[in-house]
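Student: For reference, the sequence and a predicted model appear below.
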Amino acid sequence: MRPPLLATTLALMSALLPRPADAGILEAVYGQMPDGRDAKIWTLSNASGMEAKVTEYGAILVSLKVPDKEGKLADVTHGYDTLEGWLGNTSYFGATVGRFGNRIAHGKFSLDGKEYSLATNNDPGGIPCALHGGIEGFCKKLWKGEGFVADGACGVRLAYTSPDGEEGYPGELSVEVVYTLTDDNQLVWEATATTDAPTVVNIVHHSYWNLSGDPSKSINDHELTLHAGHYLPTDPGLIPLGEKASVEGTPLDFRKPTAIGARVEGDFEALELAGGYDHAWVLDAAEPGEDGLFPAARLRDPGSGRVLQLSTNQPAIQFYGGNFLDGTAVGKGGVAYQHRTALCLETENWPDAPNNPKAPSAVLRPGETYYHKMVHAFSIE
Ligand code: BGC
């Protein structure tokens, strides 16, 4: 790895701002893309020792070290050690997915009277759909990153311009994703986008969490709360049928903290279709704070005491319980990631929103700005 000049500059800036001595940011070259371009990686550290690594490849969160109730740090995300590993990431670990995260039925949608066709790269229940931006979505692109230091925080700003027609989507889309690690143990992820022609947008952060810090352990004993009284029932292709349904009396009711494993094998059609939890819940969006955010989820690992509280400005959350992990993906430290050893909490628009008149609009037009914010607040209980 080459000693980067920017790292020295940032370390200097870090020293000039009123921050604890051990907090700061380091930049390095992570590896080379198949075409020879360098992909950089940033290590962000905060006052209590939390550490986030972010790379330009896929605007991916490479790792996140969080203290447990004894103050012991452990990485709580699935992923890979090397850029080479990430290049083969087929599970969307840590990724920024887009232009449209989640599914679009049959890879087709109409916009202003014109039909668009996307590649279909996924077929749950044998029904084809476009998943997470297509064959080469945003998670497989080399973004352009820049580290920054602020008062009580540091972060990385990443930019990518998606050309008109990329993966079948209309309009050139200019995207910026910002990761910020604050001294009060928040990891903030923000995505902003503008377009030069009407298009559809749903940019999603796709980290896989295992708060125990042991990636071989099941997440079934994690306790989950979802601030959602409704979910979106789907067809066997995991495409929402259209209407939302109440969670009342179903194994999808997480309005009170509940162990994930308590009902995951329940006799309930939605669970059978998805092979466990893999659904979108419509967020209650009650009482947004001054920052426009409302609570989405709370995840607690009783063993380590780690708690993740998630808030957002988005209408829905996909809770995916790692049902498709089957030991094929071998990640950090050579660990083969087994069934339900991590889960995703993806705030977003409704899946298949471009085809569902009941969904909030996913259309972005010239002059408008798409903005998605997620705050991951970590604590101990
Ligand atoms: C989806 C799953 C999909 C997974 C791929 C999740 O966002 O909900 O159905 O298999 O991404 O990693």
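Tutor: Noted; the coordinates are in hand.
Student: Count the residues that sit near the closest residue to R306 other than its chain neighbours.
Tutor: Leaving aside its chain neighbours, R306 sits nearest to L211 (4.1 Å; criterion: C-beta to C-beta, 6 or more residues apart in numbering). Bear in mind the C-beta positions are built from the backbone N, C-alpha and C, glycine included. Close neighbours of L211, defined as other C-beta atoms under 10 Å, add up to 27.
Student: before we move on, what about L271?
Tutor: 21.
Student: now it, what's its secondary structure?
Tutor: The local conformation at L271, judged by DSSP: H, G, I helix; E, B strand; the rest coil, is helix.
Student: Tell me the pLDDT of the nearest residue to it once chain neighbours are set aside.
Tutor: Closest residue to L271 apart from its sequence neighbours, by C-beta to C-beta, 6+ apart: P251 at 6.1 Å. Looking at P251, its pLDDT reads 98.
Student: where does P251 land in three-state SS?
Tutor: coil.
Student: Test my guess that it contacts R263.
Tutor: Yes. Between P251 and R263 there is a contact at 3.5 Å, judged by C-beta atoms under 8 Å.
Student: which residues are in contact with both of the two?
Tutor: L271 (C-beta atoms under 8 Å, 6 or more residues apart in numbering).
Student: and this protein, which of its residues are near the ligand?
Tutor: Taking C-beta under 6 Å from any ligand atom as the measure of proximity, the chain contacts the ligand at S91, Y92, L238, D278, Q318, Y320, F324, C344, E346.
Student: Can you pick out the most distant pair from these?
Tutor: S91 and L238 (15.9 Å; C-beta to C-beta).
Student: Compare neighbour counts for these two and give me the winner.
Tutor: L238 (27 against 20).
Student: Could you check the pLDDT of the spatially closest residue to the more buried one that is not a sequence neighbour?
Tutor: Sequence neighbours aside, P124 is the residue nearest to L238 in space, at 4.7 Å (criterion: C-beta to C-beta, 6+ apart). Model confidence at P124, given as pLDDT, is 96.
Student: what are the phi and psi values for P124?
Tutor: Phi and psi for P124, reported as degrees, to the nearest 10, are phi -60, psi 140.
Student: and it, what does it touch?
Tutor: Going by C-beta under 8 Å, 6+ apart, the list of residues near P124 reads P236, G237, L238, A274.
Student: Name the member of the residues you listed with the most neighbours.
Tutor: So for the contacts of P124 (other C-beta under 10 Å), the most neighbours sit at L238, 27 neighbours.
Student: That residue contacts R103, correct?
Tutor: Yes. If you go by C-beta under 8 Å, L238 and R103 touch, sitting 6.1 Å apart.
Student: thinking again about what came up before, state the pair within the contacts of P124 that is farthest apart.
Tutor: G237 and A274 (10.5 Å).
Student: From the ligand, how far off is E243?
Tutor: 20 Å (C-beta to the nearest ligand atom, to the nearest Å).
Student: right, and that residue touches K358 too?
Tutor: Yes. Applying C-beta under 8 Å, one finds E243 in contact with K358, separated by 6.4 Å.
Student: List the contacts of the nearest residue to T120 once chain neighbours are set aside.
Tutor: In space, and not counting its chain neighbours, T120 is closest to P128: 3.8 Å by C-beta to C-beta, 6+ apart. When contacts are counted by C-beta under 8 Å, 6+ apart, P128 touches H106, G107, T120, N122, G237.
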